[in-house]
Each structure stands twice: as structure tokens, then as C-alpha cells.
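Novice: when you get a sec, could you give me coordinates for this:
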Amino acid sequence: MRPERTDGTSEGGLLVPMAWMYAEYIADELLRTGDLMEPSTLEYRAGREALALTVFLSAGAVDDALPATRMDELRLLTAYGSAWRRWVCERLDAPSAVPSPDGRRGVPDPDLALARRAWRWLDETELLAADLDAIGPPPWEPLGTEGDEEPARVWTPAWQLGLPLGHLAIHLY
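Specialist: Next comes the predicted model:
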């Protein structure tokens, strides 16, 4: 089956999202090296997507996959908090802020389309996770009885699980 659209690369070639695929590869390598989670879990996917977005939106592809300065940049960008979410949204809403490998104009960017799709999944998908705010009573309150209580769990956006997982994987790399 022939593709419907073949413009964008030299001589009518297919539009291939190489920058996004590279970002996913780097994210996958970081998570697998850290060995924090089984690759078949949704949590792993959330971590991979969050890291891939960070790699893609930060500086795009570089010759040396993971130089020390790049790792420091990724570590700072994935530090937990709402700043990462705002940073991702700003970069995705302003395509000129996203590094373009070949400077195409007027051609749909398949990399950016995949990045936006990953962000939609991270933002709209909720995963059941431990409620970190309810793990234990404040130190000034009595402990009470141990045992029968089940840990509190809450539904949380996938990016809120994936971001700390990716951050920890960067530290372990």
C-alpha cells in the first residue's frame, strides 16, 4: 500500500519522525538502564513519554547521545513540579520553540504531531497511584493502630507518575 503523502524529504520521500523516534530511544535507554519498572507497565510508558517529551523539546538530537551537560539539563528539566507541565505546554503551543532538524516551512511536522499525541496521553490518562500526601500522619499526631488500613490511593495524571520516574532514571544513569 502506497502512502497518500510523500512530500517533505528529498525526492518525494516519506515524512519520518526521526527526532521523536530518537527522543523515545534515549528515554527508553535511560529507563531500562535504571531498571526501575517493568517495560510492560503503564507507569513505564508514562516515564518514557515524559522523558521523550523532555528530550525532544529541550534540544532535540545531538551527536553524543548523553553528554554530561545534557544529563544535567534533563535532570533540571524533570525536577518534579508544575514548572515542567507549563514548560511542555508552552513549547508545544509555540512550534517555533521546538527544534526543527531541517527547517521545513509549511509542511506538517510528524515529530511535533507525535510529541503532541504523547502529551495528550500523559495529560488525559489517569493512573491509580499511592497518595503520597496520605502515607503517614504528621509527626505531631499519634500513630494509632497499624495493620488493617489499606494505603490510600488516588487517580493522578500519567505525567505526575512518569516525571519522577524519569527523573530518578536520569539520576541512576
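
Novice: hmm, who's touching the lowest-mean-pLDDT helix or strand in the chain?
Specialist: Sorted by mean pLDDT, DSSP states H and E, the helices and strands of the chain end with helix 68-77, the least confident at a mean of 81. Applying Cβ atoms under 8 Å, 6 or more residues apart in numbering, the contact partners of helix 68-77 are 51, 54-55, 58-59, 62, 64, 84, 87, 167, 170-171, 173. Glycine gets a C-beta too; all of them are placed from N, C-alpha and C.

Novice: could you tell me the angle between whichever helix or strand comes after it and helix 68-77?
Specialist: Proceeding N to C from helix 68-77, the next assigned helix or strand is helix 82-93, under DSSP states H and E. Orientation check (axes from the mean of the first three to the mean of the last three Cα atoms, to 10 degrees): helix 82-93 against helix 68-77 gives 110 degrees.

Novice: now do helix 82-93: which elements does it pack against?
Specialist: Judged by 3 or more Cβ pairs under 8 Å, 6 or more residues apart in numbering; DSSP states H and E, the packing partners of helix 82-93 are helix 42-58, helix 110-124, helix 158-172.

Novice: make it 6 Å
Specialist: In terms of contacts (3 or more Cβ pairs under 6 Å, 6 or more residues apart in numbering; DSSP states H and E), helix 82-93 is packed against no helix or strand at all.

Novice: for it, buried residues please.
Specialist: 84-85, 87-88, 91-92 (16 or more other Cβ atoms under 10 Å).

Novice: CA atoms of the helix or strand containing M21 as PDB?
Specialist: If you go by DSSP H and E, M21 is part of helix 18-34. Provided in PDB are the C-alpha atoms of helix 18-34 (Å, rounded to 0.1, in the frame of the first residue of the first chain):
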ATOM      1  CA  MET A  18      13.300  10.800  13.300                       C
ATOM      2  CA  ALA A  19      13.700  13.400  16.000                       C
ATOM      3  CA  TRP A  20      10.800  11.900  18.000                       C
ATOM      4  CA  MET A  21      12.000   8.400  17.500                       C
ATOM      5  CA  TYR A  22      15.400   9.400  18.700                       C
ATOM      6  CA  ALA A  23      13.900  11.000  21.800                       C
ATOM      7  CA  GLU A  24      11.900   7.900  22.600                       C
ATOM      8  CA  TYR A  25      15.100   5.800  22.100                       C
ATOM      9  CA  ILE A  26      17.000   7.900  24.600                       C
ATOM     10  CA  ALA A  27      14.100   7.800  27.100                       C
ATOM     11  CA  ASP A  28      13.800   4.100  26.800                       C
ATOM     12  CA  GLU A  29      17.600   3.600  27.300                       C
ATOM     13  CA  LEU A  30      17.500   5.700  30.400                       C
ATOM     14  CA  LEU A  31      14.600   3.800  31.900                       C
ATOM     15  CA  ARG A  32      15.900   0.400  31.000                       C
ATOM     16  CA  THR A  33      19.300   1.200  32.500                       C
ATOM     17  CA  GLY A  34      17.700   2.400  35.700                       C
END
